[in-house]
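S.K.: Test case, fold it:
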Amino acid sequence: MLIGESNFANDKFTIDELLRRSWSFRNTKEFTKFFDFIARFHHYSRYNSMLVYIQNRAVTFFGGVSFWKKKFERTIKEDAQPYIILAPRGPVMLVYDIFDTEGKESPEEFLKNGLGSKPFEVKGKIDASIFNKATDEAKKWGIAISYKPLSYFNAGYITSIFSGKLEICL
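M.R.: This is a model prediction of the structure:
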């Protein structure tokens, strides 16, 4: 077979394997871990985040070569493990976990220091009475408001998965 030719039997096996792996997320605990993972990555589509998760659930923070270079001045290690996602206006592209990159800081320091920024930093002030009116209005509509300490990658969420009712967690 020539480079670039497709072997339908192998392609079908690969797609079948991807679908088989996706079925493992049906139980509640794994499903929650899966959504927590996907919620961390706003710079890629939910579907592409799912593809990375299926390939390696331990990925910490991922991006393509230009993402790492342009946003964070990081390069990809020579022996890096690539993950395949769908590319905009193209078939596929490769992305890499932070631990497969090099830069001024180690991956651990980079994550600890906030990916070179504070992704959920809020500047400015909101009047407490306006905030209270907004949360009171949400409650009138049956929307639960909760406050929880969350992971570095999660500033909050809106869901109905856990309680069956619309919930906003801050």
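S.K.: Could you use CA atoms for every contact and neighbour count after this?
M.R.: Noted.
S.K.: Can you pull the domain assignment for this structure?
M.R.: Taking automatic domain parsing as the criterion, the chain consists of the domains 14-117, 126-170.
S.K.: Make CSV from these and add mean neighbour count to it.
M.R.: Converted to CSV, those look like this (neighbours: other CA atoms under 10 Å):
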stretch, mean neighbour count
domain 14-117, 15
domain 126-170, 13
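S.K.: quick one, helices of this protein?
M.R.: Ranges of helices in the chain, per DSSP state H, are 8-22, 28-39, 46-55, 65-72, 107-112, 128-140.
S.K.: Export the domains of the chain as JSON lines, with columns for mean pLDDT.
M.R.: Output for the domains of the chain, formatted as JSON lines (pLDDT from 0 to 100):
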{"stretch": "domain 14-117", "mean pLDDT": "84"}
{"stretch": "domain 126-170", "mean pLDDT": "80"}
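S.K.: Which among the helices of the chain is found nearest to residue 91?
M.R.: helix 46-55 (12.4 Å; CA to CA).
S.K.: Could you measure from residue 131 over to residue 145?
M.R.: 12 Å (CA to CA, to the nearest Å).
S.K.: if we compare the helices of the chain, which one ends up closest to residue 85?
M.R.: Using CA to CA, those put helix 46-55 closest to residue 85, at 5.3 Å.
S.K.: and the closest one with helix 28-39, angle?
M.R.: Interaxial angle of helix 46-55 relative to helix 28-39 (axes from the mean of the first three to the mean of the last three CA atoms, to 10 degrees): 120 degrees.
S.K.: how distant is helix 46-55 from the center of its chain?
M.R.: 8 Å (CA atoms, centre = their mean, to the nearest Å).
S.K.: So which elements touch that helix?
M.R.: helix 8-22, helix 28-39, strand 83-86 (3 or more CA pairs under 8 Å, 6 or more residues apart in numbering; DSSP states H and E).
S.K.: Not counting the shortest one itself, show me its contacts.
M.R.: Contacts to strand 83-86, defined as CA atoms under 8 Å, 6 or more residues apart in numbering, come from residues 48, 51-52, 55, 92-96.
S.K.: Just the closest of those residues to residue 73, please.
M.R.: Closest approach between the contacts of strand 83-86 and residue 73, by CA to CA: residue 96, at 14.1 Å.
S.K.: hey, what's residue 169 bridged with?
M.R.: In this entry, residue 169 is beta-bridged to residue 146, residue 157, by DSSP bridges.
S.K.: nearest residue to the most centrally placed residue in the chain other than its sequence neighbours?
M.R.: Of all residues in the chain, the one closest to the mean position by CA atoms, centre = their mean is residue 41, 2.5 Å from it. Closest residue to residue 41 apart from its sequence neighbours, by CA to CA, 6 or more residues apart in numbering: residue 49 at 6.8 Å.
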